[in-house]
Structure formats: C-alpha cells, structure tokens
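>>> Dropping the sequence and predicted coords here.
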Amino acid sequence: MPNQHIPAPEALELLKLGNKRFVAETRKTTGSDHTRRTQLTVGQEPFAIILGCSDSRVPAELVFDVGLGDLFVIRVAGNIVAPSQIGSVEFAVDRFKTRLVVVLGHSNCGAVCATLDELKQPAEERSPNMAAIVDRIRPSIEVLLDTDVRNAPEKLLHHAVMANIRASANQLRHGSQIIEKLIQEDGLMIVGAHYSLDTGEVEFFDGV
C-alpha cells in the first residue's frame, strides 16, 4: 500500500478497486509476509475504518482485497452503533488520522431479520443483551411496516437492511463532537455501503 495517510475520496477508490478484484476473482493480496508483519510491530496506519456486521460471510479484508494493517475493522451484529463503536471510531480517526469510515451492511442480515420478527411478534422471553441489538435496529425499520413493502418479505428485508445502514452512518456522523468536527473541518467521510452475499459486490450508496 502507498502512504496510508490519504484523503477519504482516494481511500474510497482503493476500496472500490479492491472489491472489483474480489468479485472478478483476481485478488492480488495473498496474506502477509514476514517483512510486512515486522513493519507493523512499530505501528499501524490503516487507510479506512470499517464498521461492519459480525457475519462470518463478510470479512472486510477479503471483500476489499487488502492486507495486514490496511483496515481498522469494528464488527458487531447488525453493524449497529453504540457508545463503544463510536469510541472505537473516535480512537482510530484521532490516533491514525484515518479519514474514511465505511458502515458495511449486507444482504439477508440476521440481526435485521430478528428485528423484523420481533416487530411482527414480540418474543415473550428475550436476552437483554440480544434486546440491546434489536432495540438499536428497530427505530430505523419499523416505519417500513406502514408501507406497501410489508407484504413482500424479500423486498421488506432489503429495504430494512438499507435503512439500518443509513441509520448507523447517520448516528456516527452526529453522535460525537469529535467526529462532527473532523467531518466539517478535516475531510472525514462516513459512507454507507451494502455487500451482496450473492454477487460479492459492495454498493456505496450513502454519503458518497
């Protein structure tokens, strides 16, 4: 990788090119050799921050065809935004001067499915820890049940996943004075993106 302290638009282009290689099965990143590991013992300079879902089918480094030390990855079910996620982003943008944050959701997200199920038929017994995830997704998607897509399960799930990504990106943009200031004054970008399990393609659609 070139100098990692690069502007957000350039970092976004690197992710787009990497995803194109991933989809085309022409990946150039094969892992990490001893030299790269040695370089990273003295520090890191990730060029992008990824807030993604914990789903095992969406590993950011593979999806974007990058190597060791290139991404600062935060993973949580449903790519939700809670104080710990905001704090992790604050840490990375301050410590590493990374200027691109991508909220990466994906098709058929299990956490979004669970939230839709809960909205249709609330569970009598539910772990408070699971409730913490569902309750963060709920506000952005429950309005969809008042629209025509409520009668089309696949379409409803897709719209719910996209709405959840937008909501998480927006929460990051406005949930921290540190982040807000960097957006206004220092070129920080927060972008929402959707990964297709079927095609492997990432669509950057929010904040670009």
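That came through fine.
>>> for the residue of the chain most remote from its centre, helix, strand, or coil?
Distance to the chain centre peaks in the chain at Glu124, reaching 30.9 Å (criterion: C-alpha atoms, centre = their mean). Per DSSP: H, G, I helix; E, B strand; the rest coil, the secondary structure class of Glu124 is coil.
>>> pull the longest helix from this protein.
helix 153-174 (DSSP state H).
>>> If I look at the residue farthest from the centre of the chain, what pLDDT would I see?
Glu124 carries a pLDDT value of 71.
>>> What separation do you get for it and Ala82?
25 Å (C-beta to C-beta, to the nearest Å). Where C-beta positions appear, they are placed from N, C-alpha and C, glycine not excepted.
>>> for Ile49, same thing?
Counting by C-beta to C-beta, the gap from Ile49 to Ala82 is 16 Å.
>>> Neighbour count for these two, which is higher?
Ile49 (26 against 14; other C-beta atoms under 10 Å).
>>> Quick one: name whatever helix or strand follows the longest helix of the chain.
helix 177-185 (DSSP states H and E).
>>> distance between that following helix and the chain's centre?
Counting by C-alpha atoms, centre = their mean, to the nearest Å, helix 177-185 is centred 19 Å from the centre of its parent chain.
>>> and that helix, which residues are buried?
The neighbour-count check on helix 177-185 (16 or more other C-beta atoms under 10 Å) flags 178-179, 182-183 as buried.
>>> For Phe204, give the beta-bridge partners.
Ala193 (DSSP bridges).
>>> and it, what pLDDT?
Looking at Phe204, the pLDDT reads 98.
>>> For the lowest-mean-pLDDT helix or strand in the chain, list the C-alpha coordinates in CSV.
When each helix and strand of the chain is scored by mean pLDDT, DSSP states H and E, helix 34-40 comes last, with a mean of 87. Taking C-alpha atoms only, helix 34-40 is exported to CSV below (Å, rounded to 0.1, in the frame of the first residue of the first chain):
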residue,chain,number,x,y,z
HIS,A,34,7.4,-11.6,7.5
THR,A,35,8.6,-8.2,6.3
ARG,A,36,5.0,-6.7,6.5
ARG,A,37,4.5,-8.2,10.0
THR,A,38,7.8,-6.7,11.1
GLN,A,39,6.9,-3.3,9.7
LEU,A,40,3.6,-3.3,11.6
